[in-house]
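Peer 1: got a predicted structure plus its sequence, pasted below:
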Amino acid sequence: MSCWKLVIAALILVFGGTGLGVGLWLRNALRPVEAGQTRIFQVAAGASGSRIARDLWRSGLIRNPRAFELGLRWWGLGGELKPGYYEMSAGMAPEAIARKIAAGETAKWRLTIPEGFIVPQIAERAAEHPTVDLDKFLKLAQGAELGREVGLDLPPASGAEGFLFPETYLLEYGAPAQDVILAMLREFQRRIEPLQDEIAASALSLAEIVTLASLIEREAMVAEERPVISAVYHNRMARGMKLECDATVVYIWARRGVVKRRLLYEDLEVESPYNTYKHKGLPPGPIANPGIDCIRAALRPADVDYLYYVARGDGSHIFSETFKGHRAAIARIRGR
């Protein structure tokens, strides 16, 4: 064998062995770290592949950042990684991690807002999520700016109160307070869209309809009574009577940080434009965030002449057309 052939054979053995060694190293380095609980990993906007690889390694999600970088090139994903929050596990293969980030399969979180919640309650529930700031949420919800962004003219006295639609939302994990509020306002717009003709034909403005709906939401415990309670308020307004809605007084105290399970006569003396025992007509803004059924009830009152109602104690009410009948209903409930 010539000298050159011996050199070539030696080089093949050296590089072949090196290639095999690199292959084994890469294969080992790209194995999952270990089975474990899922965690949230953030890919910063504008982060390079090497930065993401280092962050993954520091988070304990991959074995070797250099191997991950090489893998990105091999998988053709180097320029495809998208920013956001991702739910990851150390039990995932690095390629699966890379493909998830490249696909933009960001983490979501679920937020459920019951009907009848007020803004502080919604803010507190939303702020249970780590990227939602409670104070920021409250401040944004007090203004009208976000309403204008989605085409809503929010009442200056109450801001977004009444327009944060009660629903279960699936939101981006990193969504800040502003995005959460906008999602609720857009959902409100979407849900009232089929009612636009009725709203336009109503003698009440949209803000007044929502305000009335919020009173119905807080007062009606039985679904069938919503249109009847709506009729009571419509009838009282038509006659220039005060609405005398307990829920408005409860709302005043709630916004002052006082929870009223039961109202006393002295509680009704609280001074506020929301106190419908002192001021005629609707309060200056909603007292809760009503669901679509109560908005419909505000637009479609029952065809009845009731002016009064009193709670039975089981969630239902006795309705009366006259004050005399109302007093008799109260006496009947009290067993007199």
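Peer 2: Structure's in. What do you need? Numbering: from 1, shown residues only.
Peer 1: against Glu219, how distant is Thr328?
Peer 2: For the record, residue 328 is Ala, not Thr. Using CB to CB, to the nearest Å, we find Ala328 at a distance of 21 Å from Glu219. C-beta here means a position set from N, CA and C on the backbone, and glycine is covered the same way.
Peer 1: higher neighbour count, these two?
Peer 2: Neighbour count, other CB atoms under 10 Å: between Ala328 and Glu219, Glu219 has more, with 21 against 14.
Peer 1: domain-wise, how is this structure divided?
Peer 2: Domain ranges of the chain: 32-106, 109-193, 202-334, per automatic domain parsing.
Peer 1: OK, contacts around the residue lying closest to Ile118 once chain neighbours are set aside?
Peer 2: Distance criterion CB to CB, 6 or more residues apart in numbering; nearest residue to Ile118, sequence neighbours excluded, is Ala288 at 5.5 Å. Shown in contact with Ala288 (CB atoms under 8 Å, 6 or more residues apart in numbering): Gly116, Phe117, Ile118, Glu161, Gly162, Ser214, Glu217, Arg218, Ala247, Tyr251.
Peer 1: Arg148 now?
Peer 2: Neighbour list for Arg148: Leu154 [criterion: CB under 8 Å, 6+ apart].
Peer 1: just after the host helix or strand of it, pick out the following helix or strand.
Peer 2: Here Arg148, judged by DSSP states H and E, is contained in helix 145-149. The helix or strand immediately downstream of helix 145-149 is strand 168-172, counting by DSSP H and E.
Peer 1: partner strands of that next one, parallel or antiparallel?
Peer 2: Strand pairing for strand 168-172, using DSSP bridges, gives strand 108-112 (antiparallel).
Peer 1: same question for the strand it pairs with, mean pLDDT?
Peer 2: Across strand 108-112, pLDDT averages out at 96.
Peer 1: and what of stretch 216-232?
Peer 2: Stretch 216-232 comes out with an average pLDDT of 97.
Peer 1: show me which positions of that stretch end up buried.
Peer 2: 216-220, 225-232 (16 or more other CB atoms under 10 Å).
Peer 1: ok, stretch 271-289 next?
Peer 2: Within stretch 271-289, the residues that count as buried by 16+ other CB under 10 Å are 272, 274-279, 282-283, 285-289.
Peer 1: ends of it, how far apart?
Peer 2: Using CA to CA, to the nearest Å, the end-to-end distance of stretch 271-289 comes to 23 Å.
Peer 1: what is the subsequent helix or strand relative to the host helix or strand of Ile52?
Peer 2: According to DSSP H and E, Ile52 maps onto helix 49-58. Downstream of helix 49-58, the first helix or strand assigned by DSSP H and E is helix 65-75.
Peer 1: residues in contact with Glu172?
Peer 2: Counting by CB under 8 Å, 6+ apart, Glu172 touches Gly84, Tyr85, Thr106, Ala107, Lys108, Trp109, Asp179.
Peer 1: next, count neighbours for the nearest residue to Thr112 once chain neighbours are set aside.
Peer 2: Once flanking residues are discounted, Thr112 sits nearest to Thr168: 4.5 Å by CB to CB, 6+ apart. By the criterion of other CB under 10 Å, Thr168 has 9 neighbours.
Peer 1: ok, Thr168 touching Arg110?
Peer 2: Yes: using CB atoms under 8 Å, Thr168 is in contact with Arg110, at 6.3 Å.
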